[in-house]
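> Next one to model:
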Amino acid sequence: NEWYAAQTSKKIRAVNELKASQGRRVASTVAYGYKKLEGDKEQWYIDEPAAQVVRRIFALCLAGKGPTQIARQLEKEKILTPTAYFHSIGRKTSNPMPVNVYGWRENTIEHILENQQYTGCTVNGKSTTVSYKVHKVIENPKEEYQIIPNTQEAIIDENVWLRVQELRKNKRRPTKTNRKSLFSGLVFCADCKSKLHFCAAKSLKRNQEFFRCANYKDGRGSCTIHFIRDVVLEMIVKEAVAGLADFVRCYESVFLYMQKQRCGEFQKKRQQELKLSMESRRKRIADLDKLFSRIYEDNVIGKLSDERYARMAAEYESEQKELLEKVKEEEKQLSEMEQKSVDMRLLLQGLREFTDMKELTPTIVNKLIRRIEVHNPEKKHARKSVKVDVYFTAVGLVSLPDEQEIRRMMEQMRSTSQLPKQLTA
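Reported below is the predicted structural model:
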């Protein structure tokens, strides 16, 4: 009986691996926001009422709210939890009906925000079990996920999903007064690179709230204060965003040309080099697996001594481990490069929204700004001035060209046929 159970488990795993290798969906459960139709087990379709809630969750996160705040907001709006919603529409679920049908949990929100399948892809290999005897679920590292794009209609745009993952890396804790700055989690010290804490208290008015370096520690820390008031920072950032938005509105093609000249050709070449290197290393890893199997067989049948086998096996294992680490690092570099091209679309979208509204909102700030660095105040002519560097999504620190530089770039674009007709007229 035990042998039969082991063989059945082995066959099921083999079938799932085959399906995954063919680019098919392995998981049987359907993510909240999607549904399956009868007779079509592998295809997902959008379940619009639930999909609207998913979009709402991502919008709230993009507006600067954390999982706990989002859960409270949904409960306040009396939105059914996923389990309660499934029961209400007669969809099978292993969870019983909750006592509080509006009681969203923080980990449910986190799971939804992290689910890449909302971008329209399929993710296989997220978890496994110990064995057919031990059903404990083991989460696989993200590097081992198999991602198959465009397998169903997307609920969340990929740009938005990626930006949300970036935002969740910098957690924003509210102050004791529950007041929060537009820039919480985005402001850093230009010298020690640590975060600047947002300081608000009941005794402080709105125009007195400020940021200061986390390493200052009332003068006892390793860094100076790097003080700036929140209202002043908002004015500086708004001016920087307005300047870039106006420039892009008038010279969008010139702006894109600038970024292409800055890193386009180098990045394209580097991406190609990384892909070739990863392909070569993966081939060598597969070859090492075959070599390892071969020397094992030779050792079993007596062609290879135990000492020589042990030495060769250790060499192969060491080389394979080194190759795997290098492939992991190259995958990370390639992912960061691809992220930049995605971020550019999100940046342009945010600049257009600011042009229409002329106001900074949490959503616009989170789309446009990756990092703000505050320098130590400098005293000039009896007045203190603070230098602030605004790093935009995808493009980093931007230096806008003057009229002469714009004309020069337009001439270069015209000579390479990259200038739109409306600018050449």
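
> Can you pull the phi/psi pair for residue 89?
With angles defined as degrees, to the nearest 10, residue 89 sits at phi -100, psi 10.

> How many residues are close by it?
11 (other CB atoms under 10 Å). (Glycine included, C-beta is placed from N, CA and C.)

> State the pLDDT value of it.
Looking at residue 89, its pLDDT reads 92.

> just residue 325 next, same as before
So, for residue 325, pLDDT stands at 86.

> and what of residue 48?
Residue 48 carries a pLDDT score of 94 in this model.

> likewise residue 382?
Confidence score, pLDDT, at residue 382: 68.

> all helices of the stretch 151-300 of the chain, in order?
Secondary structure of the stretch 151-300 of the chain (DSSP state H, counting those that start in this stretch): helices located at 158-169, 230-259, 265-300.

> Same list (the ones you listed) but as a markdown table, adding distance to residue 75.
Below are these laid out as a markdown table (distance: least, CB to CB, whole Å):
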| stretch | distance to residue 75 |
| --- | --- |
| helix 158-169 | 21 |
| helix 230-259 | 30 |
| helix 265-300 | 45 |
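
> Now tabulate these in a markdown table and tack on distance to residue 145 and mean pLDDT.
As requested, the helices of the stretch 151-300 of the chain are exported to a markdown table (distance: least, CB to CB, whole Å; pLDDT from 0 to 100):
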| stretch | distance to residue 145 | mean pLDDT |
| --- | --- | --- |
| helix 158-169 | 14 | 83 |
| helix 230-259 | 30 | 89 |
| helix 265-300 | 16 | 82 |
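
> so which of those comes closest to residue 409?
Residue 409 sits nearest to helix 230-259 of all the helices of the stretch 151-300 of the chain, at 5.5 Å, using CB to CB.

> buried residues in the closest one?
230, 233, 236-238, 240-241, 244-245, 247-248, 251, 253-259 (16 or more other CB atoms under 10 Å).

> ok, now stretch 45-59?
46, 47, 50, 51, 53, 54, 55, 57, 58.

> Then stretch 301-309?
Of all the residues in stretch 301-309, those buried under the rule 16+ other CB under 10 Å are 304, 309.

> swap in stretch 83-100?
83, 84, 85, 86, 87, 98.

> how much space between the second one and residue 203?
So the one you mean is residue 84. From residue 84 across to residue 203, the span is 43 Å (CB to CB, to the nearest Å).

> same thing with the first one?
Relative to residue 203, residue 83 is positioned 45 Å away (criterion: CB to CB).

> can you tell me the average pLDDT over stretch 30-39?
Mean predicted lDDT for stretch 30-39 stands at 86.

> gap between that stretch and the chain center?
25 Å (CA atoms, centre = their mean, to the nearest Å).

> Also stretch 96-116?
21 Å.

> can you check stretch 395-404 too?
27 Å.

> Start and end of that stretch, how far apart?
22 Å (CA to CA, to the nearest Å).

> who's in contact with that stretch?
243-244, 247, 254, 258-259, 344, 347, 370, 389-392, 409 (CB atoms under 8 Å, 6 or more residues apart in numbering).

> If we go by neighbour counts, what in it is buried?
Buried residues in stretch 395-404 (16+ other CB under 10 Å): residue 395.

> So what's the model's average confidence on that stretch?
Summarised as a single mean, pLDDT over stretch 395-404 is 86.

> got it, and stretch 349-364?
85.

> Kindly export it (C-alpha atoms) in PDB.
The C-alpha coordinates for stretch 349-364 follow below in PDB (Å, rounded to 0.1, in the frame of the first residue of the first chain):
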ATOM      1  CA  GLN A 349       1.400  58.500 -17.100                       C
ATOM      2  CA  GLY A 350       2.000  60.200 -13.700                       C
ATOM      3  CA  LEU A 351       3.300  63.400 -15.400                       C
ATOM      4  CA  ARG A 352       0.200  63.600 -17.600                       C
ATOM      5  CA  GLU A 353      -2.000  63.200 -14.500                       C
ATOM      6  CA  PHE A 354      -0.100  66.000 -12.700                       C
ATOM      7  CA  THR A 355      -0.400  68.200 -15.800                       C
ATOM      8  CA  ASP A 356      -4.200  67.800 -15.600                       C
ATOM      9  CA  MET A 357      -4.500  68.200 -11.800                       C
ATOM     10  CA  LYS A 358      -1.700  70.600 -11.000                       C
ATOM     11  CA  GLU A 359      -1.600  69.100  -7.500                       C
ATOM     12  CA  LEU A 360       0.500  66.400  -5.800                       C
ATOM     13  CA  THR A 361      -1.500  63.400  -4.600                       C
ATOM     14  CA  PRO A 362      -0.100  60.300  -2.900                       C
ATOM     15  CA  THR A 363      -0.900  58.300  -6.100                       C
ATOM     16  CA  ILE A 364       1.000  60.800  -8.400                       C
END
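
> Do you have the strands of the stretch 251-400 of the chain handy? List them.
Counting by DSSP state E, counting those that start in this stretch, the stretch 251-400 of the chain has these strands, from start to end: 369-374, 378-380, 383-385, 388-392, 396-397.

> Relative to residue 311, how far out is the residue of the chain positioned farthest from its centre?
Most distant residue from the mean C-alpha position of the chain: residue 302, 52.3 Å away (CA atoms, centre = their mean). According to CB to CB, residue 302 stands 17 Å off from residue 311.
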